[in-house]
Every structure is written in structure tokens, then in C-alpha cells.
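Trainee: take this sequence and fold it.
(chains A and B)
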Number of protein chains: 2
Amino acid sequence: MKKPFKLAVKAVILDGEDRCLLIRRSQHCRHFTGQWEWPGGKPDPGEDFTTALVREVREETSLEVDITGLAGATTFEMSALHVVLLCMEARVIAGEVHLSEEHDDFAWVGLEDVAQREILEPMKPVLKNLLERKDLP
Amino acid sequence: MKKPFKLAVKAVILDGEDRCLLIRRSQHCRHFTGQWEWPGGKPDPGEDFTTALVREVREETSLEVDITGLAGATTFEMSALHVVLLCMEARVIAGEVHLSEEHDDFAWVGLEDVAQREILEPMKPVLKNLLERKDLP
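Mentor: So this is what the prediction gives:
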């Protein structure tokens, strides 16, 4: 049985000074507890990827965001499927950070410092691409 | 009014020797007549991106393809929207090339030779990414 490719989306929410919002996976997450990530998730069946991303960011952080551009894309394999991870740049238009129980901490981190944290593996090529494009170290 | 981001998908159909299928836009296309492109298009409302891609390839080339990986992603701006172009690698599982009226020629072209043709501008960063990854000149 061939594994299907499914889309997932994440938001690199930037604050205007090249800092992005990272949130830390809590013990309520089945996998990767303690790792930092950008907010996001999977579109519901039939849901547009931008609608899904704005919804997931709202659910995970209480923030309302506008999507402003493409940060990058990567792919990784899970037991039953391939995930195509589409990372979009975004900015906050309203709200303050309130986390759901899926996350237990958040931080605004300079893009050049993100790799010093324990982050999800698939974020790394997207981060590299972002740093190159923004000409950051 | 903010321009929405919409997804479009293209298939880099590879033949096992790093040649990909290019098709040439015919006079039935409103824009970019004569330019070469990878097959693809936009998902219908609610349509999964892989379903859309397999359908568009079938409509444009009569080929049945399997999606095998991610080639790359890029974004470009149109008058009313931003397009996020997701390019997937694919391989032929059945059929022979028969073009629709939207295209008037096709060619299997080595990835390192694609840039010598007149291709759609947004394909260029994805092609560059592909050549780097496959370590081609």
C-alpha cells in the first residue's frame, strides 16, 4: 500500500524584528513532548489551507493572524503517510498569546536563535531557507 | 482589500533518468502562450491537493501518475491573489501523452536543460532547488 501525501501547515508568525513565535509541546501531546514548534496543524477535509492555518493558530495561541507570505516547504514520512509541510509567514492582527493544553510555554525568538532550541526536525530545512532569504547568520 | 493566498500544484513527472515532462502552452491559453511548463493547476473548492494534481495531469496529458515526493514550493502575485505553487515529483504509472487543446507540444527534458527553454517564471526557483538537491549542473 502506497502512503498518501497529506498537507500540514505551520505559521512563522513574525513580529517585525525577525522574531518568530515558538510554542512548546506539552505532556498532552503524544509525540515530541518538550519540543518547540511553530503553531499549525492539518486542514480538515475540504478545508482551504489558509483557513486551516488561521484556525489552528487561533486554537493554539488565541492570536488572530494574517498570512503574509511563504516561508518554505518540506516533507517527512510518518508510519502511515507522507506529510508535505507548508510553512507560511504571518503577522498578528489581534489578540494576546493564550496557549491551549497542547502547549505549555511560548517565546518570541530571533530567527537566528531558533536552531539553538530543541525544535521539530522538519522545521530545520524551512528555517535554513528563511535565514538564507533574510540574509541572517 | 488583502489578496488571499491560493494553492496551485504542478507535477515534475520524472522518467528515472532525471528527465521531466514539459508541455507548451497553446494559443487557447489566455496568458504565457508558447511558454513551457510542468502539468498542473488549481484544486477545485474542497479538493485535496494530491487529488487535484493527479486529475490535472490526467486532463492535460492523459497520463496516470503517482506522486513520489516534494520538488519545491514558491509564491507569486497575480492581480487578485497570491499563488502558493506546490510542485510535487511524480512518475508515470499508465498511459501515453495526449495533450488537451491547452497545450500544443511536449518534450521530455533533462532537468539540467529545462532552464534553456522559455519556461514560466515561477518554475525557476523550484528548478534551482531540484538541481541542487539532485546535484546536477
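
Trainee: for chain B, what are the nearby residues on chain A?
Mentor: A:2, A:4-5, A:7, A:45-46, A:48-50, A:66-67, A:69-70, A:72-75, A:82, A:84, A:86, A:88 (CB under 8 Å from any CB of the partner chain). Backbone N, C-alpha and C define where each C-beta goes, glycine included.

Trainee: for PyMOL, what selects the buried ones among these?
Mentor: To isolate the buried members of the residues of chain A next to chain B in PyMOL, using 16 or more other CB atoms under 10 Å in any protein chain shown:
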select buried, chain A and resi 5+7+48+49+50+67+70+72+73+74+75+82+84+86+88
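
Trainee: out of the residues of chain A next to chain B, list just those in strands.
Mentor: Counting by DSSP state E, these place A:5, A:7, A:66-67, A:69-70, A:72-75, A:82, A:84, A:86, A:88 in strands.

Trainee: now for those: which two are most distant?
Mentor: A:Asp66 and A:His82 (29.2 Å; CB to CB).

Trainee: hang on, A:Arg58 in a helix?
Mentor: Yes: with DSSP: H, G, I helix; E, B strand; the rest coil as the criterion, A:Arg58 is located in a helix.

Trainee: run through the bridge partners of the closest residue to it other than its chain neighbours.
Mentor: Using CB to CB, 6 or more residues apart in numbering or on different chains and skipping residues adjacent in sequence, the residue nearest A:Arg58 is A:Glu64, 6.5 Å away. Following DSSP bridges, A:Glu64 is listed with bridge partners A:Ala94.

Trainee: wait, what's in contact with A:Glu64?
Mentor: Going by CB atoms under 8 Å, 6 or more residues apart in numbering or on different chains, A:Glu64 touches A:Val54, A:Val57, A:Arg58, A:Val92, A:Ile93, A:Ala94, A:Gly95.

Trainee: low-scoring stretches of chain A, by residue?
Mentor: Applying pLDDT under 70 to chain A picks out residues A:1.

Trainee: just the helices in chain A please.
Mentor: A:49-61, A:123-133 (DSSP state H).

Trainee: and of the ones you listed, who's closest to A:Ala115?
Mentor: Closest among those, using CB to CB: helix A:123-133, at 6.2 Å.

Trainee: tell me how far that closest one is from the chain's mean position?
Mentor: 13 Å (CA atoms, centre = their mean, to the nearest Å).

Trainee: got the contact list for that helix?
Mentor: Residues contacting helix A:123-133 (CB under 8 Å, 6+ apart): A:10, A:12, A:37-38, A:71-74, A:85, A:87, A:111-112, A:114-115, A:119, A:136-137.

Trainee: highest mean neighbour count out of the helices of chain A?
Mentor: Mean neighbour count (mean count of other CB atoms under 10 Å in any protein chain shown) peaks for helix A:49-61 among these, with a mean of 20.

Trainee: one step back: let me have the helices of chain A in CSV, extended by distance to A:Leu22.
Mentor: Listed next are the helices of chain A as CSV, based on distance: least, CB to CB, whole Å:
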stretch, distance to A:Leu22
helix A:49-61, 11
helix A:123-133, 9
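
Trainee: indicate which one of the ones you listed is closest to A:Phe106.
Mentor: helix A:49-61 (7.2 Å).

Trainee: for that closest one, packing partners?
Mentor: When contacts are defined as 3 or more CB pairs under 8 Å, 6 or more residues apart in numbering or on different chains; DSSP states H and E, helix A:49-61 packs onto strand A:5-13, strand A:19-25, strand A:40-41, strand A:64-77, strand A:82-94, strand B:5-13.

Trainee: repeat that with 10 Å
Mentor: strand A:5-13, strand A:19-25, strand A:40-41, strand A:64-77, strand A:82-94, strand A:103-110, strand B:5-13, strand B:82-94 (3 or more CB pairs under 10 Å, 6 or more residues apart in numbering or on different chains; DSSP states H and E).

Trainee: okay, now the sheet partners of the first one, with direction.
Mentor: Based on DSSP bridges, the pairing partners of strand A:5-13 within the sheet are strand A:40-41 (antiparallel), strand A:82-94 (parallel).

Trainee: and the angle from it to strand A:103-110?
Mentor: Per axes from the mean of the first three to the mean of the last three CA atoms, to 10 degrees, the angle that strand A:5-13 makes with strand A:103-110 is 60 degrees.
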